[in-house]
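# what follows is a predicted structure for the sequence shown.
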Amino acid sequence: MAAKKAFALRLDESMMKAIEKWAADEFRSTNGQLEWIIRESLRKAGRFPKGDSIEQKD
């Protein structure tokens with residue numbers, strides 16, 4: 001597994017609540033949900049090579 005880099009992310013309260021609810025509905029942590037959202041967006045936009053380890057996670 002690749003090393004993870006921590007960084008601060010500022011979201012408005014309503015957006016954070018929506019992400020927390022979505023994460024709970026999907027049985028993920030909030031952080032895991034944010035990673036999934038970003039990973040899916042990168043995959044759909046073709047912004048990383050196919051077969052990259054980021055694409056293989058669920």
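Received it, and whenever you're ready, just let me know what you need. Numbers count the residues shown, from 1 in each chain.
# mind telling me what element the residue nearest the centre of the chain is part of?
Closest residue to the average C-alpha location of the chain: Glu35 at 1.7 Å, with Cα atoms, centre = their mean. Secondary structure assignment for Glu35, by DSSP states H and E: helix 30-45.
# can you check Arg47 too?
Per DSSP H and E, Arg47 falls between elements, in no helix or strand.
# run a quick neighbour tally on it.
10 (other Cβ atoms under 10 Å). Bear in mind the C-beta positions are built from the backbone N, C-alpha and C, glycine included.
# picking that back up, list the buried ones in the helix holding Glu35?
Residues of helix 30-45 classed as buried under the neighbour-count rule (16 or more other Cβ atoms under 10 Å) are 33-34, 36, 39.
# where are the low-confidence patches of the chain?
Scanning the chain for pLDDT under 70 picks out the ranges 1, 49, 51-58.
# sorry, back to before: could I get the helix holding Glu35 in CSV with only the CA atoms?
Taking Å, rounded to 0.1, in the frame of the first residue of the first chain, the C-alpha atoms of helix 30-45 are listed here in CSV:
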residue,chain,number,x,y,z
THR,A,30,-15.7,9.8,6.5
ASN,A,31,-12.1,9.7,5.4
GLY,A,32,-12.7,6.5,3.4
GLN,A,33,-15.7,8.1,1.7
LEU,A,34,-13.7,11.1,0.7
GLU,A,35,-10.9,8.9,-0.6
TRP,A,36,-13.5,6.9,-2.6
ILE,A,37,-15.1,10.1,-4.0
ILE,A,38,-11.7,11.5,-5.1
ARG,A,39,-10.6,8.1,-6.5
GLU,A,40,-13.8,7.7,-8.6
SER,A,41,-13.5,11.3,-9.9
LEU,A,42,-9.9,10.7,-10.9
ARG,A,43,-10.8,7.4,-12.6
LYS,A,44,-13.7,8.9,-14.5
ALA,A,45,-11.6,11.8,-15.6
